[in-house]
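> no FASTA, just this:
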Ligand code: ATP
Ligand code: MG
């Protein structure tokens, strides 16, 4: 069988999470220290370790069939690739920032100004949409120092906590993109390759679903079971097992992280006792 080739970042912010997601899918390979590629031992997959900037091009050219890369890079490089899945890690935003002591009213303030960025494509699309004419000064790194050295009036750069901006005396004024890591793919994969991508996606989604859900066990008096089962939807319906103590049952179910605390409070208020919550490793609906 022909192997599927995946490109991931060699080192940097997405490297660890990209490796982790593949390993959690049960795929074993060596980590690529001083290596360009590694063969997975138990899945027809070859892992390429690359600079993140190069990944969209490699995927377009089918040097790699799929890749994990930030949405910011995908949009900036604007290559002919398709997005298969948003992966939920590597979250950050691409923002415009100005020196802290500058008064800022609105986006119109950037008219006629100079903005330094490593994202000229995304920034110019944004300015065009907002009908702002500003000069874009492209630099490849250390963008945050540009206003301080008199190179630009503002910057457009990636932010997550905002501490880099803060340390450089800047404040965030406009968010122009909210980004996260994406699984991208070449647009002309063979049927066989698509099957492998689907297999991988199936595993990724089972993991993510499991992370968003918890397994819950509780004891309840039998007369409360009906109410409690209404609160706990479960995958199909809750499991009910009688306890050794007469008149009591143990109820097992799955709850979503989002409404977790509401459900717990509701259960307690309706007579549930000894509530246990345990993580789920994988979840296949
Ligand atoms: P490479 O050597 O592969 O070119 P890089 O230096 O360009 O790496 P990193 O700084 O490792 O890139 O960031 C990789 C990606 O991580 C970014 O493109 C972005 O999608 C994501 N990211 C998440 N948070 C941040 C952040 N605070 N700053 C920069 N990137 C972030
Ligand atoms: Mg890069």
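Yes, it's here. Small disclaimer: the values here were computed from a predicted structure and weren't measured. Ligands and ions are numbered 1, 2, ... in the order given.
> now the strands: where do they sit in the stretch 101-250 of the chain?
114-117, 135-138, 154-159, 170-179, 181-186, 213-221, 239-242, 248-256 (DSSP state E, counting those that start in this stretch).
> Parallel or antiparallel, list what pairs with the fourth one.
In other words, strand 170-179. strand 92-99 (antiparallel) (DSSP bridges).
> what's the angle from the partner strand to strand 181-186?
Between strand 92-99 and strand 181-186, the angle comes out at 120 degrees (axes from the mean of the first three to the mean of the last three Cα atoms, to 10 degrees).
> Could you give me the buried positions within strand 92-99?
Residues of strand 92-99 classed as buried by neighbour count (16 or more other Cβ atoms under 10 Å): 92, 93, 94, 95, 96, 97, 98. Using the backbone N, CA and C atoms, a C-beta is placed for each residue, glycine as well.
> Skipping adjacent residues, who's closest to the residue most central in space within the chain in space?
Nearest to the mean C-alpha position of the chain, by Cα atoms, centre = their mean, lies residue 88 at 1.9 Å. Among residues not flanking residue 88 along the chain, residue 180 sits closest, at 6.2 Å (Cβ to Cβ, 6 or more residues apart in numbering).
> What residues does that neighbour make contact with?
For residue 180, the contact set (Cβ atoms under 8 Å, 6 or more residues apart in numbering) comprises 70, 71, 86, 87, 88, 89, 90, 91, 92.
> Let's see that with 7 Å instead.
Residues counted as contacts of residue 180 (Cβ atoms under 7 Å, 6 or more residues apart in numbering) are 71, 86, 87, 88, 89, 90, 91.
> where along the stretch 51-200 of the chain do the helices fall?
For the stretch 51-200 of the chain, helices defined by DSSP state H, counting those that start in this stretch occupy the ranges 55-60, 71-77, 120-129, 163-167, 191-211.
> buried stuff in the fourth one?
Within helix 163-167, the residues that qualify as buried by neighbour count (16+ other Cβ under 10 Å) are residue 165.
> List the contacts of that helix.
Helix 163-167 is contacted from outside by 97, 144, 159, 171, 172, using Cβ under 7 Å, 6+ apart.
> how does it look with 6 Å?
97, 144 (Cβ atoms under 6 Å, 6 or more residues apart in numbering).
> State the mean pLDDT of that helix.
Helix 163-167 shows a mean pLDDT of 95.
> Please compute how far it lies from its chain's middle.
23 Å (Cα atoms, centre = their mean, to the nearest Å).
> does it come close to ligand 1?
No - contact of helix 163-167 with ligand 1 (Cβ under 6 Å from any ligand atom) is absent, the minimum separation being 7.2 Å.
> From residue 35, how far off is residue 165?
35 Å (Cβ to Cβ, to the nearest Å).
> Equivalent analysis for residue 257, please.
In terms of Cβ to Cβ, residue 257 sits 37 Å off from residue 35.
> Likewise for residue 21?
As defined by Cβ to Cβ, residue 21 lies at a distance of 19 Å from residue 35.
> Comparing these two, which residue is more hemmed in?
Comparing residue 21 with residue 35 by neighbour count (other Cβ atoms under 10 Å), the higher total belongs to residue 21, at 22 against 12.
> Counting neighbours, what do you get for residue 187?
Other residues close to residue 187 by other Cβ under 10 Å number 11.
> same question but for residue 140, I mixed them up
So residue 140, with other Cβ under 10 Å, has 7 neighbours.
> contact partners of stretch 113-127?
Under the contact criterion Cβ under 6 Å, 6+ apart, stretch 113-127 has outside partners 75-76, 94, 134-140, 143, 146, 151-156, 176.
> one more time with 8 Å
Residues external to stretch 113-127 that are found in contact with it (Cβ under 8 Å, 6+ apart): 72, 75-78, 94, 96, 110, 133-141, 143, 146-147, 151-157, 176-177.
> Kindly check the end-to-end length of stretch 50-58 for me.
9 Å (Cα to Cα, to the nearest Å).
> So for stretch 7-21, what gets flagged as buried?
In stretch 7-21, counting by 16+ other Cβ under 10 Å, buried: 7, 8, 9, 10, 13, 14, 15, 17, 18, 19, 21.
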